[in-house]
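Q: Here is my input; please provide its structure:
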Amino acid sequence: MRVLIEASGGVASGFMIHALQQAGHEVIASDINGENAGSLLADDYIQMPLASDGTLWSFVIDALGQKRVDAVIPSLDDMLLGWDAHRVQLEAMGIVLVLSPKETLVVCLDKWLTYQFFIQHDIPTPKTSLMPEYALFKPRQGRGAKGIIYAPNKADRPIDMFGLLSQQYLEGEEYTIDILCDNAGDPVYIVPRCRQLVINGKAINAQIIYDEAMIEWVKLICRKLHFVGAINIQCFKLADGRILFTEINPRLASGMALSFAASGNWLVMMIDHQLDQKPIAQQPIQWGMKMYRQYCEVFSV
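A: Here you go, the predicted structure:
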């Protein structure tokens, strides 16, 4: 099977490519630049237009046909709603799209709507406002650490809040909870990992931690929103033991390499479940496993 992945120029894209290739699939990498490490590691490559390009989706659809793509696993926030908008067209082309439904994407891609979702369902979350009330400022749409401002002094806080929200600054252990859901939205795997070293929003060192409270909260979230495939949820565990949820990312994340290593190849499980309706078999999770990430060079002549 030929599988398209996004953002292959990212420094952590190699784990997705290797996971798919080890299962016997061909990987079609994609990004906006002409050549990158992922393009050299993958079996084929598509150079994408910018997300702002008016011809983006006509180009994408043509390229998927030319490259004989069988499945798409999106991972870029900016592209998720676009993939969903072309879901029916992709299905008509025989292409499997592993992605949660639009209603879920709309809530998760806007941090203000995510906050309202948490409040509506009594899920613990830090205080958040569309006014400059709190010390941490985030774009309503965005990923990682991009665009985040910490301004404990009121005089330093943004005046123009367009596209921003402010949030209570949290001190504690930062967790990402990796989740793999089947087509019915039921979570098969829930794997919390403590982000022990984070650089530019990416976990460099991490450890799988069993936390029953986190797992139960995630089960509740999955009952209230319908997820499909691999997603991740961000939270903090405070010194007093409280858990506060901050974000839901309805997509793969590079740090999931640790959860894969501790359980199984989720990419293959997702594809087999979507394409052949094979049940996702739960394998034992190796609690306590750690990840130490390093960069790996790829050379070309």
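
Q: Strand partners (parallel or antiparallel) of the lowest-mean-pLDDT helix or strand in the chain?
A: Across the helices and strands of the chain, mean pLDDT, DSSP states H and E gives its lowest value to strand 202-208, namely a mean of 88. Sheet pairing of strand 202-208 (DSSP bridges) gives strand 187-199 (antiparallel), strand 290-292 (antiparallel).

Q: my read: residue 71 touches residue 4, true?
A: Yes: contact criterion C-beta atoms under 8 Å: residue 71 and residue 4 qualify, at 7.1 Å. Just so you know, the C-beta spots here come from the backbone N, C-alpha and C atoms, and that holds for glycine as well.

Q: now do the same end-to-end measure for stretch 256-274.
A: For stretch 256-274, the first and last residues are 20 Å from each other (C-alpha to C-alpha, to the nearest Å).

Q: likewise stretch 240-260?
A: Note: stretch 240-260 ends 30 Å apart using C-alpha to C-alpha.

Q: do the same with stretch 60-76
A: Stretch 60-76 has an end-to-end distance of 14 Å (criterion: C-alpha to C-alpha).

Q: Tell me which of the strands paired with strand 202-208 lies nearest to residue 120.
A: strand 187-199 (19.9 Å; C-beta to C-beta).

Q: Let me know the average pLDDT across that closest one.
A: In this model, strand 187-199 has a mean pLDDT of 91.

Q: same check, this time on stretch 23-32
A: Rounded mean pLDDT across stretch 23-32 is 96.

Q: Now that stretch - C-alpha only, CSV.
A: Output of stretch 23-32 as CSV, limited to C-alpha atoms (Å, rounded to 0.1, in the frame of the first residue of the first chain):
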residue,chain,number,x,y,z
ALA,A,23,5.3,-3.0,7.8
GLY,A,24,5.9,-3.4,4.0
HIS,A,25,4.1,-0.2,2.9
GLU,A,26,5.5,2.4,0.5
VAL,A,27,5.7,6.0,1.9
ILE,A,28,4.9,9.0,-0.1
ALA,A,29,6.4,11.9,1.8
SER,A,30,5.3,15.5,1.3
ASP,A,31,6.3,19.1,2.3
ILE,A,32,6.5,22.5,0.8
